[in-house]
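A.B. asks: fold the stuff below for me.
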Amino acid sequence: MLMRTDPFRELDRLTQQFLDTSGTWSRPSAMPMDAYREGDEYVIALDVPGVSPDAIDVDVERNMLTVKAERRPGVKAEDVQMELSERPLGVFSRQVMLADTLDTERISADYDAGVLTLRIPIAERAKPRKIAIGGGRREIRG
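C.D. replies: Got it, this is the predicted structure:
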């Protein structure tokens with residue numbers, strides 16, 4: 001049997017039970033995220049531990065990227081008596097406004113070890129390019 005030593009954690013649990021009878025959090029919680037540029041793409045890595053890939057939803061509407069993940073209860077047996085439940089359940093979500101310079105049509109997503117990694121290529125129109133300078137002279141007629 002596990003013993004609780006943090007009275008505030010018990011108070012938080014009781015408050016959660018009192019405010020939400022479904023046993024899950026009713027409002028979305030944020031997921032920790034890293035974002036960085038790697039070569040010709042932006043990478044966004046989101047922590048979603050304990051979530052199966054089929055419970056993750058990634059959408060892009062215009063330039064708004066939305067990631068939603070649902071952590072479902074792992075214990076389903078009716079004869080189980082929960083001794084301690086600290087892992088939050090429910091819906092987690094994160095929205096990121098993407099720049100116009102990113103190609104939202106070619107986003108790729110991978111999920112490994114509880115980390116969702118999104119790779120967003122930089123649009124061709126946003127990449128630096130050389131402008132050729134002509135060497136001819138213009139004649140001024142007057």
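
A.B. asks: which of the helices and strands in the protein ranks last by mean pLDDT?
C.D. replies: Every helix and strand in the chain was compared by mean pLDDT, DSSP states H and E; the lowest is strand 25-29, with a mean of 50.

A.B. asks: check contacts around Asp59.
C.D. replies: When contacts are counted by C-beta atoms under 8 Å, 6 or more residues apart in numbering, Asp59 touches Leu65, Thr66. Where you see a C-beta, it was placed from the backbone N, CA and C, and this is true even at glycine.

A.B. asks: try 10 Å this time
C.D. replies: Counting by C-beta atoms under 10 Å, 6 or more residues apart in numbering, Asp59 makes contact with Leu65, Thr66, Val67, Lys68, Gln95.

A.B. asks: in terms of contact, does Leu65 touch Val96 like I think?
C.D. replies: Yes: the pair Leu65 / Val96 is scored as a contact, 4.6 Å apart, by C-beta atoms under 10 Å.

A.B. asks: need the residues touching each of the two.
C.D. replies: Common neighbours of Leu65 and Val96 are listed as Ile44, Leu118, Ile120 (criterion: C-beta under 10 Å, 6+ apart).

A.B. asks: in strands only, show me the residues you listed.
C.D. replies: Counted as lying in strands by DSSP state E, out of these, are Ile44, Leu118, Ile120.

A.B. asks: out of the residues you listed, who's nearest Arg37?
C.D. replies: Distance to Arg37, by C-beta to C-beta, is smallest for Ile120 among these, at 9.9 Å.
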